[in-house]
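# For reference, the sequence and a predicted model appear below.
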Amino acid sequence: MSAAERYVRMNARELRLELEELYAAYAGCLDEERFEDWPEFFTDDCTYKIIPRENVERGLPLATWFSEGKNGLRDRVVAIRKTMLYAPRYVRRLVSGLRVLGWEGDALAVRASYLALETLLDEPTRVFNCGEYRDRLVVVDDRLRFREKLCVFDSLLVPNSLIFPL
Amino acid sequence: MSAGLSRQRKWPAEGVSRVPFWAYSDPEVYANEQARIFCGRSWNYVALEAEIPRPGDYKRTFIGEKPVVVARDSDGGLNAFENRCAHRGVQFCQRHLGNAPEFTCPYHQWTYDLKGNLIGVPFRRGLKKQGGMPGDFDPKEHGLRRLKVHARHGVVFASFADDVEPFAEYLGESMLALFDRVFDGRELAVLGYSRQLVPANWKLMFENIKDPYHATLLHVFLVSFGLFRADSPGKVQMDPTGRHGALLSWRGEQQKTEDHAEMKSFHEGFRLSDAQMLQPVREFPEYTVVMTTLWPNLIIQQQSNTLAMRQLVTRGPSEFELAWTFFGYATDDEAMRERRLRQANLMGPAGYVSADDSEVMKFSQAGVGPYPDAAGVMEMGGRDWQDEPHIVTEATIRSFYDYYRKVMGL
């Protein structure tokens, strides 16, 4: 039995446990700023967007952040490390309310709420961005990876700058 | 107000080669800016016609900090009025964009047509012969405060001043030519919005765009990919009053030259893994970058194929909202649309380039706020201002403050 079949046949409880572990690992990777490991959660041909909810609701395509493929994610990581100027900060991501919508072909559709808390050195921690992950995962090399990850955010007025991934 | 609290502000004797730091933080200066600049004789950007194409379409926006609504009436005409009920002052319109046959204030249901005329007052005649408005109450005298409106090639401006000069004169010949370069009459298509709250005085945003040379030092990303460099051909232009400005440049070759010795930030070995993010095609004549700043609230961005309106909404002396409307043309093919969406990664709150700016503006405010009696030094390229055939200059900042001082009486 292939890994993909194993996932498809998994009962709901097992699958949920797998996903909760995956999302915890994803958030942990970013919270710990292991950005170089972040693209490994995605497929080579992935789409990653951080997009305001108002654009989604109006059918407008513009994303605040739009990366294509693992290479596009890697470019962002290089920019974070090497080219972009920003104040030091911690960002912590809380993922909750995971909903497994089911398999659509070879892709598993999943939604979850997320909350990103930002801490700057001279300021108390604040809610930086809150929204919903709208994800499609596929099995590649024996594990579930994001083929598409949309971070659709409610927090339309972004507090200054969005530097780290969500 | 107690006279003891009100400080007499005096601009440094050096003139526009200095900007006193109190200009970025003094609440009285800020209040004067609202009255003299945003509510004064200025044309303020409020909308693209493409956002409100049909009768009843409206957009809620701001001029300075004043809430306003732009609405298209049943005749197809454009109207702008204060988002403030003429009854008790309620900000009656609460959605960014929408469509409505009329506006009704939720509090006591005063109702206005799309031109801002008062057309309904509940209990105007009272109830059971009791109450009601006085017999001489005339709805014609209690409409919404209307603003003057001008649309040019799909872009809508509004003014609180009835005696504001005609729009073409307001822009001046050279700025109008740059405006018409992007807005040539083709129908526009909105691609989407980004909004960010920048913890800095609004003028720092203008200074940022009006000073082209920072881009060759701060924006490592731009420099690394040859999108903008100090040795790229470029120039700055101003209108005769100095209030508007533009940076124009041509794309240079990406290679390390001696001029880069000072630019410690240059990474020669940096290449994009996903090259398609930056594959611009030549779309406009002559320049690959034109950043236009229009007094008092608009930046028109044309960086390669990414086009956007950046509208400044003030939120007190030390904070402003930057509202981005990215757009293309209705005739764009799929490839051009994709190109614009990819290049939008350069801009906005998460922009490879513009996030540097929002971060550094915060650093600026953190420095100038606590030191109101110090002043900035703007002497790059001289102490006066005129059009320059290069970009190693702060001339456009000096011209801005030359006009600013006149309007503000400072």
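Cool, got the structure. Numbers count the residues shown, from 1 in each chain, chains lettered A, B, ... in the order given.
# Spatially, what comes nearest to the closest residue to chain B within chain A if we skip its sequence neighbours?
As assessed by CB to the nearest CB, chain B sits closest to A:Leu62 within chain A, at 2.4 Å. No exception for glycine: its C-beta is placed from N, CA and C like everyone else's. Among residues not flanking A:Leu62 along the chain, B:Gly192 sits closest, at 2.4 Å (CB to CB, 6 or more residues apart in numbering or on different chains).
# which residues does that neighbour contact?
A:52, A:55, A:58, A:60-63, B:326 (CB atoms under 8 Å, 6 or more residues apart in numbering or on different chains).
# picking up where we left off before, how many other residues sit next to the residue of chain A closest to chain B?
23 (other CB atoms under 10 Å in any protein chain shown).
# From what I see, B:Ala230 and B:Tyr213 are in contact.
Yes. At 6.5 Å, B:Ala230 counts as touching B:Tyr213 under the criterion of CB atoms under 8 Å.
# re earlier: pairing partners for the residue nearest to A:Leu62 in the sheet, please.
Listed by DSSP bridges, the beta-bridge partners for B:Gly192 are B:Phe326.
# And the pLDDT at it?
B:Gly192 carries a pLDDT value of 98.
# need the helix or strand of chain B with the lowest average pLDDT.
In chain B, no helix or strand scores lower on mean pLDDT, DSSP states H and E than helix B:220-224, which sits at a mean of 84.
# for that one, packing partners?
With contacts taken as 3 or more CB pairs under 8 Å, 6 or more residues apart in numbering or on different chains; DSSP states H and E, helix B:220-224 sits against helix B:215-218.
# Take the contacts of B:Gly192 and keep only those in helices.
Counted as lying in helices by DSSP state H, out of the contacts of B:Gly192, are A:Asn55.
# Name the residues of the stretch 1-150 of chain B found near chain A, please.
Applying CB under 8 Å from any CB of the partner chain, we find that the stretch 1-150 of chain B lies next to chain A at B:96-97.
# In the stretch 1-150 of chain B, what residue lies closest to chain A?
B:His96 (6.6 Å).
# need the contact list for the nearest residue to that residue once chain neighbours are set aside.
Once flanking residues are discounted, B:His96 sits nearest to B:Arg60: 5.8 Å by CB to CB, 6+ apart. Contact analysis of B:Arg60 by CB under 8 Å, 6+ apart lists B:67-69, B:83, B:93-97.
# let's see it at 7 Å
Under the criterion of CB atoms under 7 Å, 6 or more residues apart in numbering or on different chains, the neighbours of B:Arg60 are B:69, B:83, B:93, B:95-96.
# for chain A, which spans come out with low pLDDT?
Within chain A, not a single segment meets pLDDT under 70.
# Could you see whether chain B lies near the lengthiest helix in it?
The helix that spans the most residues within chain A, counting by DSSP H, is helix A:12-31. No. For helix A:12-31, no contact with chain B is found by CB under 7 Å from any CB of the partner chain; the gap never falls below 14.5 Å.
# ok, residues contacting that helix?
Identification of contacts with helix A:12-31 by CB under 7 Å, 6+ apart yields A:37-38, A:41, A:92-93, A:95, A:98, A:100, A:110, A:112, A:144, A:164-165.
# Which members of these are classed as buried?
Neighbour counting over the contacts of helix A:12-31 (16 or more other CB atoms under 10 Å in any protein chain shown) leaves A:38, A:41, A:92-93, A:95, A:110, A:112, A:144, A:164-165 as the buried ones.
# Which members of the residues you listed are positioned in strands?
A:92-93, A:95, A:110, A:112, A:144 (DSSP state E).
# now the residues you listed in CSV, with distance to B:Gln8?
CSV is the format used below for those (distance: CB to CB, whole Å):
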residue, distance to B:Gln8
A:Arg92, 48
A:Arg93, 51
A:Val95, 56
A:Val110, 63
A:Ala112, 58
A:Leu144, 67
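# Check those residues against B:Ala344 and report the nearest one.
Of all these, A:Arg93 has the smallest distance to B:Ala344: 23.8 Å, by CB to CB.
# Isn't that closest one up against A:Leu166?
Yes. Using CB atoms under 7 Å, A:Arg93 makes contact with A:Leu166 at a distance of 6.4 Å.
# Between the two, which contacts overlap?
With contacts taken as CB under 7 Å, 6+ apart, the residues that reach both A:Arg93 and A:Leu166 are A:114, A:116.
# and the stretch 151-300 of chain B, which of its residues are near chain A?
Counting by CB under 7 Å from any CB, the residues of the stretch 151-300 of chain B close to chain A are B:190-199, B:218, B:220-221, B:224, B:267, B:270, B:272-274, B:277.
# how deep is the closest residue to B:Pro55 other than its chain neighbours tucked in, by neighbour count?
Excluding the flanking residues, the one nearest B:Pro55 by CB to CB, 6+ apart is B:Ser74, at 4.7 Å. Neighbourhood size, B:Ser74 [other CB under 10 Å]: 11.
# wait, B:Ser74 sits on B:Arg54?
No. B:Ser74 is beyond contact range of B:Arg54, at 10.1 Å (criterion: CB under 7 Å).
# Can you give me every residue that contacts B:Ala100?
Contacts of B:Ala100 by CB under 7 Å, 6+ apart are B:56, B:58.
# Got phi/psi on it?
Here is the backbone geometry of B:Ala100 (degrees, to the nearest 10): phi -150, psi 150.
# and what of A:Met10?
phi -60, psi 140.
# How many residues are close by the closest residue to it other than its chain neighbours?
Closest residue to A:Met10 apart from its sequence neighbours, by CB to CB, 6+ apart: A:Glu18 at 7.1 Å. Neighbour count of A:Glu18, defined by other CB under 10 Å: 16.
# how about the residues of chain A that lie near chain B?
A:50, A:52, A:54-55, A:60-62, A:64-66, A:68-69, A:71-72, A:74-75, A:78-79, A:82-87, A:156-163.
# so where do the strands sit in the stretch 201-350 of chain B?
Ranges of strands in the stretch 201-350 of chain B, per DSSP state E, counting those that start in this stretch, are B:234-238, B:245-249, B:289-294, B:298-303, B:306-314, B:320-329.
# can you redo the ones you listed as CSV with mean pLDDT?
CSV is the format used below for the strands of the stretch 201-350 of chain B (pLDDT from 0 to 100):
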stretch, mean pLDDT
strand B:234-238, 96
strand B:245-249, 95
strand B:289-294, 96
strand B:298-303, 96
strand B:306-314, 98
strand B:320-329, 98
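# Out of the ones you listed, which gets nearest to B:Tyr30?
Closest approach to B:Tyr30 among these (CB to CB): strand B:306-314, 7.5 Å.
# and that closest one with strand B:298-303, angle?
160 degrees (axes from the mean of the first three to the mean of the last three CA atoms, to 10 degrees).
# Output the contacting helices and strands for strand B:306-314.
The contact analysis (3 or more CB pairs under 7 Å, 6 or more residues apart in numbering or on different chains; DSSP states H and E) places strand B:306-314 against strand B:44-48, helix B:202-210, strand B:298-303, strand B:320-329, helix B:334-343.
# again, only this time at 6 Å
Applying 3 or more CB pairs under 6 Å, 6 or more residues apart in numbering or on different chains; DSSP states H and E, one finds that strand B:306-314 makes contact with helix B:202-210, strand B:298-303, strand B:320-329.
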